[in-house]
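Undergrad: Fold the stuff below for me.
(one chain, ligands or ions: 1)
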Amino acid sequence: MLRTGVAIVGGGFSGVAVAAQLARCADDGVAVTLFEPDPLGRGAAYGTRHREHLLNTRAAAMSAFDGEPDHFVRWLGSRGAPERFVSRQLYGDYLSEIARQAFERPQFSHVSDRVRAISESASGGFVLGTDRGTQFESELLVLATGTPLPSDGFLPASLKRHRGYVADPWRFDYRVVGGHVLLAGTGLTALDALVALDACGHRGAVHLVSRHGRFPAVHAEPPVRYDVVPALDAADARALVRSFRRQVGAAAERGFDWRSVVDAVRPESEALWRRLPRRERARFDRHVRSHWERVRHRAPQQVDAVRDRYARSGRLHVHAGRIVDAGDAYVTVRKAGGSEVRLSPDWIVNCTGIGRTHTFGLDPAEYAGRMWCTGALLRGERFESTAVPELRVSAAEVAAEVLYALRARVSLTG
Ligand SMILES: Cc1cc2nc3c(=O)[nH]c(=O)nc-3n(C[C@H](O)[C@H](O)[C@H](O)COP(=O)(O)OP(=O)(O)OC[C@H]3O[C@@H](n4cnc5c(N)ncnc54)[C@H](O)[C@@H]3O)c2cc1C
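TA: Numbering: from 1, shown residues only. So this is what the prediction gives:
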């Protein structure tokens, strides 16, 4: 059995960010092992095969380090301006470079293998078994397994047997696609699929299906920063929405776009969420969250321009409804009004968004002080746990707690 002090499972943004923080601050002799079967720093978002896929956040907001806001912009140099949306591949290069530097540190290692199972060890640590059959024992554990593939439980089973079905829209190579395409979903992932298809010279029709048939909102150019921190009423979900609308109205009167208000609310959103009574959080999730996410996670204008080009060439067909049946050569969509439309796609891409996360059957609450979850894995627990500006804070918090736990152990045993 191999031994390590800290095991990090997952080397996308979050696993790399935690490792980098530890490499900067850990005392001599600390051993850190990160498990990631794929190249470091790529994950679902930055492992795309298409350089046309852009960040949907401006470069200025994408530093990997909390407290060093211009770290990414300095790394970018002349390759991109702070207010631009640069290529996600380029951002993956940035994270790879951060990982390379972190793993230069003695006793920091990357194991290029997938963790299959984790259990508690006899000494109160963890035993990790990998796909290749190696076993590691670690004192502390950080789970950063991130963004699972889109859920498919609500799609007809026969759709998933279609020969052109694509379950992973993020790592898929769109160059192989020809003919008619059906995208299940109309969010940022569906727009990404359109961008990749367009870049690969696709000339067929694209049908998109989602419950509401709505696309994400689009970023303003140039961005305008709101000069007020909006005061919102979080007594209940309805009061929250009302006070937000009032703020948007007040901002408009002073010539500020609604996007400025959304961006000004964002740093406060976690605190607002915690102030909402628990019952009201469930109401917010049911009635408001999808609207909030549509305005909060916006598409760059270049991306929306591709959608517009498809639409103007008559090749874009949007259906508000759901897929109810599928066979080898057809897919049936039931529209919101009850009517049905039958499509014959050559390819079907699941763009329904991030699926359910898993923590190897371990309950983090049971292992407080020895085990942490970070990154996209915290979706559901935190109000915002999707994008880098929040994930880097979570990574820094986890690294600080890991360091504290390591030092406490040394002082107890020393
Ligand atoms: C398509 C897409 C675009 C995005 N664009 C942006 C953007 O522009 N700006 C922004 O701020 N945010 C963006 N995001 C949000 C994005 O999720 C985060 O920025 C970040 O990538 C999440 O990091 P993570 O480490 O939590 O998860 P991931 O990046 O998903 O990394 C998880 C890693 O864990 C590994 N893993 C999983 N299971 C195991 C296992 N059992 N053993 C070992 N390794 C394992 C996976 O291989 C993966 O590399 C985007 C997300 C997606 C999906």
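Undergrad: State the helix or strand in which the closest residue to residue 220 other than its chain neighbours lies.
TA: Leaving out its chain neighbours, the residue that sits closest to residue 220 by Cβ to Cβ, 6 or more residues apart in numbering is residue 259, at 4.9 Å. Glycine gets a C-beta too; all of them are placed from N, C-alpha and C. Residue 259 belongs to helix 258-265 when assigned by DSSP states H and E.
Undergrad: same thing with residue 5?
TA: strand 2-9.
Undergrad: Given that strand, what are its sheet partners and their directions?
TA: Paired neighbours of strand 2-9 in the sheet (DSSP bridges): strand 32-35 (parallel), strand 135-143 (parallel).
Undergrad: Now do the buried residues in the longest strand belonging to the chain.
TA: Secondary structure of the chain per DSSP state E: the longest strand is strand 316-326. By 16 or more other Cβ atoms under 10 Å, the buried positions in strand 316-326 come out as 316, 317, 318, 319, 320, 321, 322, 323, 326.
Undergrad: which among those residues are in contact with the ligand?
TA: Subset of the buried residues of strand 316-326 in contact with the ligand: empty, counting by Cβ under 6 Å from any ligand atom.
Undergrad: Which strands or helices does the one helix or strand residue 349 maps to pack on?
TA: Secondary structure from DSSP H and E places residue 349 in strand 347-350. For strand 347-350, the elements it packs on are strand 165-166, strand 181-184, judged by 3 or more Cβ pairs under 8 Å, 6 or more residues apart in numbering; DSSP states H and E.
Undergrad: hey, which of the ones you listed is tucked in deepest?
TA: For these, the largest average neighbour count (mean count of other Cβ atoms under 10 Å) is found in strand 181-184, namely a mean of 27.
Undergrad: Is the helix or strand following the strand holding residue 5 in proximity to the ligand?
TA: Later in the chain than strand 2-9, the nearest helix or strand by DSSP H and E is helix 13-25. Yes: counting by Cβ under 6 Å from any ligand atom, the ligand is contacted by helix 13-25 at 13, 14, 15.
Undergrad: so what secondary structure elements neighbour helix 13-25?
TA: strand 2-9, strand 32-35, helix 43-46, helix 88-102, strand 108-111, helix 388-413.
Undergrad: Give me the buried positions along that helix.
TA: 13, 14, 15, 16, 17, 18, 19, 20, 21, 22, 23.
Undergrad: For the following helix or strand past the strand holding residue 349, which outside residues touch it?
TA: Following strand 347-350 in sequence order, the next helix or strand is strand 371-373 (DSSP H and E). Residues outside strand 371-373 that contact it (Cβ atoms under 8 Å, 6 or more residues apart in numbering) are 126, 140-144, 359, 362, 364, 381, 398, 401-402.
Undergrad: Given strand 371-373, what are its sheet partners and their directions?
TA: strand 135-143 (parallel).
Undergrad: just to revisit the earlier point, drop anything exposed from the contacts of strand 371-373.
TA: With neighbours counted using 16+ other Cβ under 10 Å, the contacts of strand 371-373 contain these buried positions: 126, 140, 141, 142, 143, 144, 362, 364, 398, 402.
Undergrad: From those residues, which shows the smallest pLDDT?
TA: Minimum pLDDT across the buried ones among the contacts of strand 371-373 is recorded for residue 364, with 85.
Undergrad: quick one: the strand holding residue 5 near the ligand?
TA: Yes: using Cβ under 6 Å from any ligand atom, strand 2-9 reaches the ligand at residue 9.
Undergrad: my read: residue 319 touches residue 211, true?
TA: No: checked against Cβ atoms under 8 Å, the pair residue 319 and residue 211 is beyond contact range at 10.2 Å.
Undergrad: how about the residues of the chain that lie near the ligand?
TA: Near the ligand, the residues belonging to the chain are 9-15, 35-38, 43-45, 55-57, 114-115, 144-147, 170, 189, 375-376, 386-388, 391 when assessed by Cβ under 6 Å from any ligand atom.
Undergrad: neighbours of the residue of the stretch 101-250 of the chain found nearest the ligand, just the number please.
TA: The stretch 101-250 of the chain approaches the ligand most closely through residue 146 (2.1 Å), counting by Cβ to the nearest ligand atom. Residue 146 has 23 neighbours, counted by other Cβ atoms under 10 Å.
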